[in-house]
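Asks: got a predicted structure here, sequence first:
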Amino acid sequence: MAEEKPLDFAREITSKHGGETITRCYQCGTCASTCPVARTTERYNPRQIIRLALLGQRDEVLKGDAIWLCASCYNCQERCPQKVEIADVIYALRNIAIREGNIPAVYTEFANGLMNEGRLAPISKFVEKKRPEYGLPPLKPTGIEALKKILAATGFDKIMFKKEGASP
Amino acid sequence: MKAYALFLGCTIPARQPHYELAARKALTKLGIELVDMEGTSCCAPPPIQSIDLETSLAIAAYNVCLAEEADLDILTLCTGCFESLTIANRLLKEKPELREKVNKILSNAGKEFKGTREVKHYLQVLVNDVGVERLKQSVVKPLSKLKVAAFSGCHLLRPSEILRFDDPERPRIFDTLIEALGAKSIPYKNKLRCCGGLLRGYADDVALAIARDKIVNAYNAGADCISTLCPFCFLTLDLGQMLIKTTYKEEYNMPIIHYAELLSLSLGVEPKELALDFHKIKIDKVLEKIV
Amino acid sequence: MVEEAKVGVFLSDCGGQIAKILDFEALTNFVKGVEGVALVAMGSEFWRGEGLKTILDAVKAKKINRVVVAETVPKISEVAIAKAVEEAGLNPHLVEVIDLKDHCAWPHRDTPKEATEKAKAMLLAAIEKVKLQEPIEKAEFPAVKSVLVIGGGLAGMQAAEDLADMGFQVFLVEKEPFLGGLAARAVRFFPTDDCAICIQSPTTDLKTVTQTSRKCVYRSGFSEIPNLKVLTNAKVVKVEGGPGNYHVVVERKPRYVDEAKCVACDLCTIVCPVEVPDEYNAKLTKRKAIYIDKPLVYPPAYAIDAKACKFRECAKCVAVCPTKAINLDQKPEQLTLNVGSIIVATGFREYDPSVIKEYHYDEYPDVITHLELARMLDAFGPTGGVPIRPSDGKPAKRIVFVQCVGSRDRRWNPYCSSICCMISLKHATMIKEAFPDADVTICYIDIRTTGREHEYYYEKAREMGVKFVKGRPSEIVHDPATNTLVVEVEDELLRRLLELEADLVVLATAMVPSEDAKELAQILGIELDQDGFFKEYNAKLRPTETKRRGIFICGGAVFPKDAPTASLHAHSAAVKAAKFLMNGKIVKDLKVAVVNQDYCGNCQFCPVTCPYGAITLEPKGDGHFAAKVSKLLCEGCGVCVGTCPVGAIELRHLKPSQMSAQIKALLSVNGTSKPLVLAFSCSECGHAAVDSSGMAMMNYPANVRVLRVPCTGVIQVQHILEAFKAGAQGVMVVGCKPDGCHYEVGSQKAKRKVEMAKALLKAYGIEPERLEMFNLIFIEGDKFAEAAKAMTERVEKLGFLQLA
């Protein structure tokens, strides 16, 4: 705890897309109360995540399990009396965590799907064959070339491979 | 009637062609022209936003550009796509600095966001273009014996400041459209609460617990089925019941059915034309009530 | 026509202090050589004692008709000198006092020769200014010793009573048929838990034993104060006239019951066939179309609800009234009141929490607000003091309070409403007192008990077993099976997510301004703040005042507050009104702006810009309008002067000729090797910063010359250009902070002028960096010195500016 500098982490978050409003939080707990995940498991409490972040507990937040448990339902953001964009703050925290190499396996899969095929979920051959049977038109190809250019422009591909030795 | 650029997203074509099928049939019957979009990509929903928000914004904007180029408004089926594309469209229209930033990125792909078109969910098209009255009149097989637990999912309504689809605390549009088919949209506990779908793959046990709550609440309220709009919700609640059986040893046999399917059925489309075998929980009980 | 000026110049060396720096002989010789100077004297002090006598003798002997004094503590000395000079027979505005110590000797003490040269320029400027000054007379305006108090709640009644006791004629106007406001419904006030309808007894109350008594309003004799007239069912619709002499049009809705005849016997309500939900009692009961509020405040006369009554179709009450007090044909009436001052005390009300849909106030009858609970807890009230569930009438055993409903909420009202924590504690303890087994929980974000004895109140609540959950509920859910409410909240201290079952949920809603505040503000011409409350001119130093002289605001109408504070505020407003009117007249020096109507082009900028609403447009008869400045309302700031695009307005105490003369004079002598910089400084914060830089012995170079103006708002672009033409190499504009201008808008207007001037300079090929605006306050004297040095350096680097 001694090494953390609270204001630095808070500032880091507010300067990131999605994290701009985190310092408005006055810890009222509305988000936790309305969160379907928090009501199901003690592993997750959005108010607590924000508190830890504002107190500068960078490692605990970014290396922990909690930030991956948000289901993006936006209930918290909807009801927050201080208009803290809580769900977006969680995205911002995830963005930072991934840049530092903390990425759950399932997200690596999503990213690969995106980078290789331009899709989150690959089309199974089975389903593709069934399409004409139902009278569905064949799928148009994805704009993977254009997508690759966009991903290169934002450095997305580099975000994914911050870790040493990892290969695309 | 108006033509729309149909944005299918990833999940529907990959795993739920029955949704696409039902939607195409129903909307065409109602006179909506659907133009397939070329060169789209994933819309950049939460899993991608979790990796990088700026990239997601650019990807979503890219897809909107395609519609702008075709001079058509977008129509989405998946509410996740609706959210992602609408947020990009709104933010870039309303914030010039952000638009400039994103256009710089898009220029690498030869695109420029102009802000000339709208992103719509097909429910909006039903309300605005078709109209509830005309919809009612088009129903040939009223679903009057059906008690439906309406579940629009999160991303149709929230964040309401940007999406502006319906009142986030007291939404009425989805219920009205269900009732236009003759069915009854019943109240049930935590109707607007998330299905937990996005936790699948990371915390399956938590996701399942949340999904189970939803099924139980609908069941306790006496619903004949749960009607969905989002393919993730569908998967979570439909396939989820198989997992509930093995994990919790409970069986609810609650049919999960996309609104587009209910719509198609009420408009007279025969069940056999609808690829209903993609439902893990059989929906025979629902079909019986429609006859 | 300015008479021939004979200026007397008096140089104080401040007890010899500054003579060590400034060469007083050289100054004396210099001044002697200035045209119009009739007398020069040197000494150690001129603002009192022998020194002052010297000035007065010269005045009385008619040797001089203008006075310039270089004196110490000029902000005090100029007042003393002007007063003495006036008594000696000379117009006090023909006196100019400058500060050679703090503005010259001290800051330039390391360069005495340069300081002396600057002192010459300063003296020359003062002399030239005062030569051009014409006498400014006083004017008297009537001040009718009568006050209108708008709002008959606690604050209104206290203020009205103070003023009536002091002998002023007071009109207390209340829009409802009964006085009392929120107090009447609130029953008890924290932290003493005594009756809410208690007020101070008037001194005219013959039955009072002591002079420090307080009584329930209805038995206080308040209404019997001879010069107090209470007008209920009344609203202000128009205000004309000005401070000291307003003509206020008040419209009275008919009561249909003659207050002079009604004996409050209640026979009418017995026969009245109409029943309506009683809004006063949170619709928990019904009342008749003819009714009286209980507990009784004032007047003790029934009133008819015109929306509910069937009038001639029924008229049963008319027949039964023993004193024939009911008149169903009564019409609305309008009266015009002539008052010298107006006090606004319209209070606040509860925010309607229906918009916070997750709390379902509009849908679940068992979700109520504090005022509604107060009615239940009132023994006189609809449930006889028992908290019940409106849905089924059963007693409520489990009660949950929710704090900050619509307060501290960016979506609705971002401010804290200040009193809701205490109100919840009050109600919670009242319930526990009467029903010790009640299960009472308060859900809060913070508990704010900051006032006197408030913390003990919080202690008492805990000791009585009130439970506290730190967490803001996210939703209130209704379980139809059990007809119970469930409050979903996180107990942050336990780190547990709770579902609290409740029979009754009480929302501590935000307190917002009265629904008529906006309209009334427009009628009176006063401002509302960003939250819609009436805005005080300066809450710290001029509380209860508004930018309109003579109109005061107090109580909850200014911001939600508890009873002691509202009372305090009300007394404060009464004192201000009394002060304003006590002489029966308003005497004012006419240091005002005057419009030359021939030049006025009716552009209408000035009426909009004037912070005091002192400018109106008058028809000139030929179909055109011209601006006219009210002598009474004008504060002499000069913002209008700075706004007028054709220079049609001038200040009597700073004419264009005086401005030009000072600019030239201050820049006429350099004496340093540095480029001249002219600093226009407002006479409030700006000048104070210059003062303090000297007082604190800061250093800055003597090439910086200060020209004092009333407000930087008076500055026009041409003044800045004139300065450059007269030899300034750099120009500074020093004013108050943008949100702290002593004349409301002046320094913000000045900023715009500076920006425009910069653009013009650039167009002329002159570096816009030669011009800069600074916003400083008294304690920033060091910043002024820094700024002066920085501007000098900057201008030196830019090089010499040669204007053709």
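Replies: Sure, I can see it.
Asks: right, is stretch C:507-520 up against chain A?
Replies: No: Stretch C:507-520 lies apart from chain A when judged by CB under 8 Å from any CB of the partner chain; the minimum separation is 11.1 Å. C-beta: built from backbone N, CA, C; applies to glycine.
Asks: which residues are in contact with residue C:115?
Replies: With contact set as CB atoms under 8 Å, 6 or more residues apart in numbering or on different chains, residue C:115 has these partners: C:21-22, C:104-105, C:108-109, C:702.
Asks: how close does it get to residue A:23?
Replies: Applying CB to CB, to the nearest Å, the value for residue C:115 to residue A:23 is 50 Å.
Asks: same thing with residue B:170?
Replies: Taking CB to CB as the measure, residue B:170 falls 31 Å from residue A:23.
Asks: the more surrounded of those two?
Replies: Using other CB atoms under 10 Å in any protein chain shown as the criterion, residue B:170 and residue A:23 rank with residue A:23 on top: 17 against 12.
Asks: how about the more buried one, phi and psi?
Replies: Dihedral pair for residue A:23: phi -80, psi -10, per degrees, to the nearest 10.
Asks: need the contacts of residue C:115 in TSV (columns: neighbour count, distance to residue C:281 and secondary structure).
Replies: Formatted as TSV, the contacts of residue C:115 follow (neighbours: other CB atoms under 10 Å in any protein chain shown; distance: CB to CB, whole Å; DSSP: H, G, I helix; E, B strand; the rest coil):
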residue	neighbour count	distance to residue C:281	secondary structure
C:21	22	78	coil
C:22	28	78	coil
C:104	28	73	helix
C:105	24	74	helix
C:108	26	75	coil
C:109	16	76	coil
C:702	26	76	coil
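Asks: so which of these is the closest to chain B?
Replies: Nearest to chain B among the contacts of residue C:115 is residue C:702, at 47.2 Å by CB to the nearest CB.
Asks: okay, the closest one: pLDDT?
Replies: pLDDT, residue C:702: 96.
Asks: show the contacting residues for it.
Replies: Counted by CB under 8 Å, 6+ apart, residue C:702 has contacts C:104, C:107-108, C:111, C:114-115, C:117-118, C:671-672.
Asks: if we use 6 Å, what do you get?
Replies: C:108, C:111, C:114-115, C:118, C:672 (CB atoms under 6 Å, 6 or more residues apart in numbering or on different chains).
Asks: residue C:71 too?
Replies: Taking CB under 6 Å, 6+ apart, we find residue C:71 in contact with C:12, C:46-47, C:77, C:97.
Asks: got the confidence number for the residue nearest to the spatial centre of chain A?
Replies: Ranked by distance to the mean C-alpha position of chain A (CA atoms, centre = their mean), the top residue is residue A:91 at 3.9 Å. Reported pLDDT at residue A:91 in the predicted model: 98.
Asks: what about the helices in the stretch 601-750 of chain C?
Replies: In the stretch 601-750 of chain C, the segments counted as helices under DSSP state H, counting those that start in this stretch are C:605-609, C:639-643, C:656-666, C:685-695, C:717-725, C:746-763.
Asks: hmm, I was thinking of chain A
Replies: Along chain A, counting by DSSP state H, helices occupy A:6-14, A:30-34, A:46-54, A:58-63, A:75-79, A:86-99, A:105-117, A:125-134, A:144-154, A:156-160.
Asks: gap between the residue nearest to the centre of chain A and residue C:453?
Replies: Distance of residue A:91 to residue C:453, computed by CB to CB: 48 Å.
Asks: just residue B:66 next, same as before
Replies: 68 Å.
Asks: now swap in residue C:662 and tell me
Replies: Using CB to CB, residue C:662 is found at 57 Å from residue C:453.
Asks: how many other residues sit next to the residue lying closest to residue C:177 once chain neighbours are set aside?
Replies: Nearest non-adjacent residue to residue C:177, counting by CB to CB, 6 or more residues apart in numbering or on different chains: residue C:303, 3.6 Å away. By other CB under 10 Å, the residues close to residue C:303 number 23.
Asks: reformat the contacts of residue C:702 as TSV; add distance to residue B:130 and pLDDT.
Replies: Formatted as TSV, the contacts of residue C:702 follow (distance: CB to CB, whole Å; pLDDT from 0 to 100):
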residue	distance to residue B:130	pLDDT
C:108	84	96
C:111	87	95
C:114	86	96
C:115	87	96
C:118	83	97
C:672	84	92
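Asks: and the contacts of residue C:71, which of them are in strands?
Replies: Those of the contacts of residue C:71 mapping onto strands are C:12, C:97, per DSSP state E.
Asks: reformat the contacts of residue C:71 as a markdown table; add pLDDT and neighbour count.
Replies: Shown next, in a markdown table, are the contacts of residue C:71 (pLDDT from 0 to 100; neighbours: other CB atoms under 10 Å in any protein chain shown):
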| residue | pLDDT | neighbour count |
| --- | --- | --- |
| C:12 | 94 | 25 |
| C:46 | 94 | 26 |
| C:47 | 93 | 22 |
| C:77 | 92 | 20 |
| C:97 | 95 | 25 |
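Asks: nearest to chain B among the contacts of residue C:71?
Replies: Proximity of those to chain B (CB to the nearest CB) peaks at residue C:97, which lies at 53.3 Å.
Asks: tell me the bridge partners for that closest one.
Replies: For residue C:97, the beta-bridge partners under DSSP bridges are residue C:69.
Asks: break chain A into its domains for me.
Replies: Domain assignment of chain A by automatic domain parsing yields the ranges A:6-99, A:105-160.
Asks: do the longest one and chain C come into contact?
Replies: Yes: counting by CB under 6 Å from any CB of the partner chain, chain C is contacted by domain A:6-99 at A:28-30, A:32-34, A:39, A:79, A:81-83.
Asks: circling back: please identify the most buried of the helices of chain A.
Replies: With neighbours defined as mean count of other CB atoms under 10 Å in any protein chain shown, these peak in mean count at helix A:30-34, which reaches a mean of 29.
Asks: hmm, who's touching that helix?
Replies: A:38, A:45-47, A:75-76, A:79, A:86, C:472, C:474, C:488-490.
Asks: Serialize those to CSV and add fields for pLDDT and distance to residue B:100.
Replies: Converted to CSV, the contacts of helix A:30-34 look like this (pLDDT from 0 to 100; distance: CB to CB, whole Å):
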residue, pLDDT, distance to residue B:100
A:38, 97, 38
A:45, 97, 38
A:46, 98, 32
A:47, 98, 35
A:75, 97, 32
A:76, 97, 30
A:79, 97, 33
A:86, 98, 27
C:472, 98, 38
C:474, 97, 38
C:488, 97, 43
C:489, 98, 43
C:490, 97, 41
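Asks: can you give me the buried ones in stretch C:413-428?
Replies: Using 16 or more other CB atoms under 10 Å in any protein chain shown as the test for burial, stretch C:413-428 gives C:413, C:415-428.
Asks: ok, and what's touching it?
Replies: Residues from elsewhere that reach stretch C:413-428 (CB under 6 Å, 6+ apart): C:190, C:370, C:373, C:401, C:406-408, C:440, C:442, C:447-448, C:457, C:461, C:466, C:508, C:510-511, C:531, C:560, C:562.
Asks: ok, of the domains of chain A, where does mean pLDDT dip lowest?
Replies: It's domain A:105-160: among those, that one has the lowest mean pLDDT, namely a mean of 88.
Asks: so does that one get close to chain B?
Replies: Yes: judged by CB under 6 Å from any CB, domain A:105-160 and chain B are in contact via A:106, A:110-111, A:114, A:118-121, A:123, A:134, A:139-140, A:142-143, A:146-147, A:149-150, A:153-154, A:156, A:159.
Asks: other residues contacting the strand or helix carrying residue B:101?
Replies: When secondary structure is defined by DSSP states H and E, residue B:101 falls within helix B:96-107. Applying CB under 6 Å, 6+ apart, the contact partners of helix B:96-107 are A:153-154, B:57-58, B:61, B:91-92, B:112-113.
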